[in-house]
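# what's the 3D shape of this:
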Amino acid sequence: MTPTRARYTLLYFACALSVITYIDRVCIASSAPAIRADLGLDAVQMGWIFSAFTFAYAVFEIPTGWMADVFGPRKTLMRIVLWWSAFTAASGLAWNFTSLVIARFLFGAGEAGAYPSMSRSFSRWFPVTERGGAHGAVFMSSRLGAAATPPLVILIISAAGWRVSFW
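Next up, the predicted model:
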């Protein structure tokens with residue numbers, strides 16, 4: 001099969017998705033002081049909140065990658081984006097420690113599988129000789145999202161508060 005230019009559209013969207021995943025992940029670290037002050041949380045509780053995302057992400061990474069194999073990466077990525085968007089926004093609606101832990105856990109469960117699903121898409125759309133470059137662009141995009149997040153979140157918090165930074 002001859003590769004088409006459509007693969008570059010896929011790469012563009014995968015890179016944008018990768019930037020957004022890291023903005024959503026890193027947002028909480030920049031928001032932590034404001035969250036702690038507003039919700040009256042201590043450092044140990046914030047540790048649990050940070051870990052809730054990571055634990056759920058790890059647990060659901062393989063099952064969601066399997067979903068991409070079975071149901072296709074397009075449907076799986078759509079489910080991922082809708083789920084993680086809802087629970088990222090829910091993080092901004094949290095009213096106490098428990099509600100924030102639950103929102104972050106569900107966010108992690110929802111975002112898991114994004115990279116395996118993108119890899120599955122690349123295996124269908126990119127020739128073997130271009131897959132390394134495509135993955136490199138996606139991983140670079142995630143790091144750019146992580147680097148851009150602290151100043152972006154601080155700007156949003158300064159203007160509108162920590163809750164808005166999750167919306």
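
# which stretches of this structure have low pLDDT?
Under the criterion pLDDT under 70, the flagged ranges of the chain are 1-3.

# can you tell me how far the most centrally placed residue in it sits from residue 96?
Most central residue of the chain, judged by C-alpha distance to the mean C-alpha position with CA atoms, centre = their mean, is residue 21 at 2.7 Å. Here residue 21 is placed at a distance of 26 Å from residue 96 (CB to CB, to the nearest Å). Any C-beta I mention is one placed from the backbone N, CA and C, and that applies to glycine too.

# where exactly do the strands run in the protein?
Using DSSP state E, no strands are found in the chain.

# what's residue 65 in contact with, if anything?
Counting by CB atoms under 8 Å, 6 or more residues apart in numbering, residue 65 touches 113, 116, 117, 120.

# Likewise for residue 153?
Listed by CB under 8 Å, 6+ apart, the contact set of residue 153 reads 26, 27, 30, 31, 165.

# again, but for residue 17
When contacts are counted by CB under 8 Å, 6+ apart, residue 17 is found next to 77, 81, 114, 118.

# now these in a markdown table, with distance to residue 102?
As requested, the contacts of residue 17 are arranged in a markdown table below (distance: CB to CB, whole Å):
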| residue | distance to residue 102 |
| --- | --- |
| 77 | 24 |
| 81 | 20 |
| 114 | 21 |
| 118 | 27 |
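
# what two of the residues you listed are the furthest from one another?
When the contacts of residue 17 are compared pair by pair using CB to CB, the two farthest from each other are 81 and 118, 11.7 Å apart.

# More neighbours: which of those two?
Between residue 81 and residue 118, residue 118 has the larger neighbour count (other CB atoms under 10 Å), namely 26 against 16.

# Which residue is the nearest non-sequential neighbour of that one?
Among residues not flanking residue 118 along the chain, residue 14 sits closest, at 4.8 Å (CB to CB, 6 or more residues apart in numbering).

# quick one on the thing from earlier: from memory the residue nearest to the centre of the chain sits against residue 142, does it?
Yes. Taking contacts as CB atoms under 8 Å, residue 21 lies within contact range of residue 142: 6.5 Å.

# Quick check: residue 119 vs residue 57, distance?
Spatial separation of residue 119 from residue 57 under the definition CB to CB is 16 Å.

# Just list the residues touching residue 166, thanks.
Each residue near residue 166 by CB under 8 Å, 6+ apart is listed here: 27, 31, 88, 89, 91, 92.

# can you check residue 63 too?
Residues in contact with residue 63 (CB under 8 Å, 6+ apart) are 112, 113.

# repeat that with 10 Å
Contacts for residue 63 (CB atoms under 10 Å, 6 or more residues apart in numbering) come out as 109, 112, 113.
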